[in-house]
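Asks: 3D, please:
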Amino acid sequence: MDKPTVYLVDDDPGIRRLVATALSRRGIALQAFDSARAFLNDYEAGQPGCLVLDLGLPGMSGLELQQELTRNSIVIPIIFVSGQGKIAESVQAIKEGAIDFLEKPFSLKDLFQRIDEAFDADSRQRLEQASLAAIQQRFERLTDRETEVMQLMLTGAANASSKEIARQLGISHRTVDHHRTRIMEKTGARSVTELALLADRTEFSPRQPETC
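Replies: Take a look at the predicted model:
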């Protein structure tokens, strides 16, 4: 995995120099930008790291950049920095997903702590995304018939017997048993309850069976 990077967006050259020097001493990679547009033009979505973002940027504000990233489904931990009197904007930023904010002037110790927390959050998010992708791939291996059987298993919960599923699909209960075994093998689920939990974590949504 690529080394995580701090992306700093602040129009104050003094702040950019200060943070660049401090992060360099700690061996932390940094890319600094003087505007939200400059960041958007350069940033490659999916890169590990975090965004240290000034709320009061000229042009596109920090909040507007956060909202733009959300609209484009770009997930990156954001640490907002703001001057005094920006409490309302800071609260809004947190509500919209920022992990924290620092009021200027902030200490480098506090900044390092927030960056460490942001890197940890980013790592956890990436592990979760990888886990979800792996689960999704398991469900995509199911045949159409196996998917039909699974839908009835999930909508009928643990009480959906093979005979009842066989009746609804017009196939033998032995065939249903075979499909159930294959479903559990392919998805890695050890019970119908676990199968339902795995399905809930993916985009799979069972249709309600038609009643006769």
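
Asks: where in the chain is pLDDT low?
Replies: For the chain, applying pLDDT under 70 flags the ranges 1, 84-88, 90, 156-159, 203-212.

Asks: For the chain, just list every one of the helices.
Replies: 13-25, 36-42, 62-71, 87-95, 108-140, 144-155, 162-169, 173-187, 192-201 (DSSP state H).

Asks: Include distance to residue 79 when you put the ones you listed into JSON lines, please.
Replies: Any C-beta I mention is one placed from the backbone N, CA and C, and that applies to glycine too. What follows is the helices of the chain, written out as JSON lines (distance: least, C-beta to C-beta, whole Å):
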{"stretch": "helix 13-25", "distance to residue 79": "11"}
{"stretch": "helix 36-42", "distance to residue 79": "14"}
{"stretch": "helix 62-71", "distance to residue 79": "11"}
{"stretch": "helix 87-95", "distance to residue 79": "10"}
{"stretch": "helix 108-140", "distance to residue 79": "5"}
{"stretch": "helix 144-155", "distance to residue 79": "41"}
{"stretch": "helix 162-169", "distance to residue 79": "51"}
{"stretch": "helix 173-187", "distance to residue 79": "38"}
{"stretch": "helix 192-201", "distance to residue 79": "28"}
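
Asks: which residues touch residue 179?
Replies: Residue 179 is in contact with 145, 146, 149, counting by C-beta atoms under 8 Å, 6 or more residues apart in numbering.

Asks: what sits against the first one?
Replies: For residue 145, the contacting residues are 169, 179, by C-beta under 8 Å, 6+ apart.

Asks: I'd like the distance between it and residue 17.
Replies: 64 Å (C-beta to C-beta, to the nearest Å).

Asks: and the nearest residue to residue 148 once chain neighbours are set aside, what does it touch?
Replies: Closest residue to residue 148 apart from its sequence neighbours, by C-beta to C-beta, 6 or more residues apart in numbering: residue 169 at 6.3 Å. Contacts for residue 169 were tallied using C-beta under 8 Å, 6+ apart; they are 145, 148, 149, 152, 176.

Asks: List only buried entries from those residues.
Replies: Buried members of the contacts of residue 169, counted by 16 or more other C-beta atoms under 10 Å: 148, 149, 152, 176.

Asks: want to throw those residues into a markdown table with distance to residue 182?
Replies: A markdown table is the format used below for these (distance: C-beta to C-beta, whole Å):
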| residue | distance to residue 182 |
| --- | --- |
| 148 | 13 |
| 149 | 9 |
| 152 | 15 |
| 176 | 11 |
